[in-house]
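Student: attaching a predicted model along with its sequence, questions to come.
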Number of protein chains: 2
Amino acid sequence: MPLTQNSIPEPTLRRLPWYLAYVKLLEQRGETHISSTRIAHDIALDASMVAKDLSYINIQGRTRVGYDVCDLIAILESFLGFTRHHRAILFGVGSLGGALLQDSGLKQFGLDIVAAYDIKYELEGMIINNIPIHHIDNFPALQDKMHVPIGVITVPVDKAQNVADLMVENGIKAIWNFTPFRIHVPHDIVVQNTSIYAHLAVMFNRLGQ
Amino acid sequence: MPLTQNSIPEPTLRRLPWYLAYVKLLEQRGETHISSTRIAHDIALDASMVAKDLSYINIQGRTRVGYDVCDLIAILESFLGFTRHHRAILFGVGSLGGALLQDSGLKQFGLDIVAAYDIKYELEGMIINNIPIHHIDNFPALQDKMHVPIGVITVPVDKAQNVADLMVENGIKAIWNFTPFRIHVPHDIVVQNTSIYAHLAVMFNRLGQ
């Protein structure tokens, strides 16, 4: 029986890309089959957790042989949404925002940033990595034509909530928030928080520095 | 009684930067005191969790008045290691690696990338954002002089383990791994995994696309 998409736990969704990366590596090495037990062993995770995670995707392994490597890759990529194009806009072409515009890896994983917005007039009209930069004042009119579903926030912390509000008012359905500010949005808006600097805090602490 | 640094749970360490970002915003607005209950309310978290998280840092709030905003900022920044300089090297000056070199936010949060390495000879001698790029072959000799403690991995997935091995052999103590590959390292090496593309998977899934 198929599960609704929302029933998949977030930790599972975050681990599935690890399995995908590993299985792609096996494919490069010419391997054709893989068991969940071996995936678990090779990436140092609990075997029952890997088996449980893979039970959410629609693939059948064969006893003693395991999963077909090519099938597993195709199904994982499709399941994770990496094979489709998801249009996005980005707000805040500063240091991190500019960096994300440059990162072609995002497109490979299905995120297609089609426009960027900034408050600085001097950035207007610039093009980074084929992505045009507009002044923020032009957002409502452009969004009214483009109906982009995803917004990426890389503005300074004190502007994060204002930008989130503006996005929601103009029909954005999912927000990828790179600021450490916890934005408030209506319940039907998807928010994914990625504060890379918070990971630094963990590393510094564990390093005892 | 002071806790040892390793006893602080990782989820707490990841949330403390949220509180810091929020309290800095209050400071900008001229507010002088804040209670953990209000932090919890304003960033939509459970009040007992915020109080528990803040109990790990050495600060005393006053009944009815709460924490002094300036003190809380200073103590959080220091506790999280953001006020110190942590030298790092980066391996893999591709799309994401080049983007991170450009991101001056890392330096503001205490990570000082002092050199970058790549396998491409044509990148050797280039300088990005004041950071010199060397060929990977020069790493052991340079590291022998510089003793940099932190290594950032932004190489392709199939090179992640080799680079991690090379880092560990040359005295790197903490690895910030941006690839979705789960690297194997000795137990005393700190690893922080930041796969931004895994966050995309969660967002796509929740968006139902």
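Tutor: That came through fine. Numbers count the residues shown, from 1 in each chain, chains lettered A, B, ... in the order given.
Student: pull the longest strand from chain A.
Tutor: Identified as the longest strand of chain A according to DSSP state E is strand A:111-118.
Student: so which bits of that one are buried?
Tutor: A:111, A:113-118 (16 or more other CB atoms under 10 Å in any protein chain shown). For glycine as for every other residue, the C-beta is placed from the backbone atoms N, C-alpha and C.
Student: can you give me the helices in chain A?
Tutor: Taking DSSP state H, the helices of chain A run over residues A:10-28, A:36-42, A:47-55, A:69-79, A:95-102, A:105-108, A:139-146, A:160-169, A:196-207.
Student: test my guess that A:Met126 contacts A:His134.
Tutor: No. A:Met126 is not in contact with A:His134 according to CB atoms under 8 Å; the separation is 9.6 Å.
Student: and the two? Which one has more around it.
Tutor: More crowded of A:Met126 and A:His134, by other CB atoms under 10 Å in any protein chain shown: A:His134, with 19 against 15.
Student: would you put the C-alpha positions of stretch A:66-74 in PDB?
Tutor: In PDB, the C-alpha atoms belonging to stretch A:66-74 read as follows (Å, rounded to 0.1, in the frame of the first residue of the first chain):
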ATOM      1  CA  GLY A  66      19.900  -7.900  -3.100                       C
ATOM      2  CA  TYR A  67      18.800  -4.800  -5.100                       C
ATOM      3  CA  ASP A  68      19.700  -4.200  -8.700                       C
ATOM      4  CA  VAL A  69      22.100  -1.200  -8.500                       C
ATOM      5  CA  CYS A  70      20.700   0.600 -11.600                       C
ATOM      6  CA  ASP A  71      17.100   0.200 -10.500                       C
ATOM      7  CA  LEU A  72      17.900   1.400  -7.000                       C
ATOM      8  CA  ILE A  73      19.600   4.500  -8.300                       C
ATOM      9  CA  ALA A  74      16.800   5.300 -10.700                       C
END
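Student: what bridges to A:Gln192?
Tutor: Applying DSSP bridges to A:Gln192 yields these beta-bridge partners: A:Trp176.
Student: can I see the domain layout of chain A?
Tutor: With domains defined by automatic domain parsing, chain A comprises A:5-80, A:86-199.
Student: for A:Asn179, which non-adjacent residue is closest in space?
Tutor: Not Asn; residue A:179 is Thr. Nearest non-adjacent residue to A:Thr179, counting by CB to CB, 6 or more residues apart in numbering or on different chains: A:Ala160, 4.4 Å away.
Student: A:Arg84 now?
Tutor: Here the residue nearest A:Arg84, using CB to CB, 6+ apart, is A:Gly110, at 5.6 Å.
Student: equivalent analysis for A:Asp188, please.
Tutor: With sequence-adjacent residues excluded and distances taken as CB to CB, 6+ apart, A:Asp188 is closest to A:Lys173, at 7.9 Å.
Student: tell me the contacts of the one you found?
Tutor: Applying CB atoms under 8 Å, 6 or more residues apart in numbering or on different chains, we find A:Lys173 in contact with A:149-150, A:188-190, B:207.
Student: by neighbour count, which of these wins?
Tutor: Tallying neighbours with other CB under 10 Å puts A:Ile150 at the head of the contacts of A:Lys173, with 26 neighbours.
Student: doesn't A:Ile172 make contact with that one?
Tutor: Yes. Here A:Ile150 lies in contact with A:Ile172, judged by CB under 8 Å, at a distance of 6.9 Å.
Student: what is in contact with these two at once?
Tutor: Shared contacts of A:Ile150 and A:Ile172 (CB under 8 Å, 6+ apart): A:Ile89.
Student: what's the separation between A:Val152 and A:Ile113?
Tutor: Separation of A:Val152 from A:Ile113 (CB to CB, to the nearest Å): 7 Å.
Student: re earlier: just the contacts of A:Lys173: which has the poorest pLDDT?
Tutor: The lowest pLDDT within the contacts of A:Lys173 belongs to B:Leu207, with 90.
Student: who are the contact partners of that one?
Tutor: For B:Leu207, the contacting residues are A:86, A:149-150, A:173-174, A:190, by CB under 8 Å, 6+ apart.
Student: what's the most distant pair in those residues?
Tutor: Based on CB to CB, the longest span within the contacts of B:Leu207 runs between A:His86 and A:Val190 and measures 11.5 Å.
Student: neighbours of A:Arg15, how many?
Tutor: Close neighbours of A:Arg15, defined as other CB under 10 Å, add up to 22.
Student: give me the low-pLDDT residue ranges for chain A?
Tutor: Across chain A, the ranges flagged by pLDDT under 70 are A:1-6, A:209.
Student: okay, the helices of chain A in TSV with distance to A:Gly61 next?
Tutor: Shown next, in TSV, are these (distance: least, CB to CB, whole Å):
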stretch	distance to A:Gly61
helix A:10-28	12
helix A:36-42	7
helix A:47-55	8
helix A:69-79	9
helix A:95-102	37
helix A:105-108	27
helix A:139-146	42
helix A:160-169	42
helix A:196-207	33
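Student: for B:Tyr56, find the nearest of the ones you listed.
Tutor: Comparing the helices of chain A by CB to CB, helix A:196-207 comes nearest, at 10.2 Å.
Student: what separates the closest one from the chain centre, distance-wise?
Tutor: For helix A:196-207, the separation from the chain centroid amounts to 21 Å (computed by CA atoms, centre = their mean, to the nearest Å).
Student: likewise stretch A:116-125?
Tutor: Relative to its chain's centre, stretch A:116-125 lies at 25 Å (CA atoms, centre = their mean).
Student: buried residues in that stretch, which are they?
Tutor: Buried-residue list, stretch A:116-125, by 16+ other CB under 10 Å: A:116-119, A:123-124.
Student: and it, anywhere near chain B?
Tutor: No. Stretch A:116-125 does not reach chain B (CB under 8 Å from any CB of the partner chain); its nearest approach is 14.0 Å.
Student: done for today, thanks.
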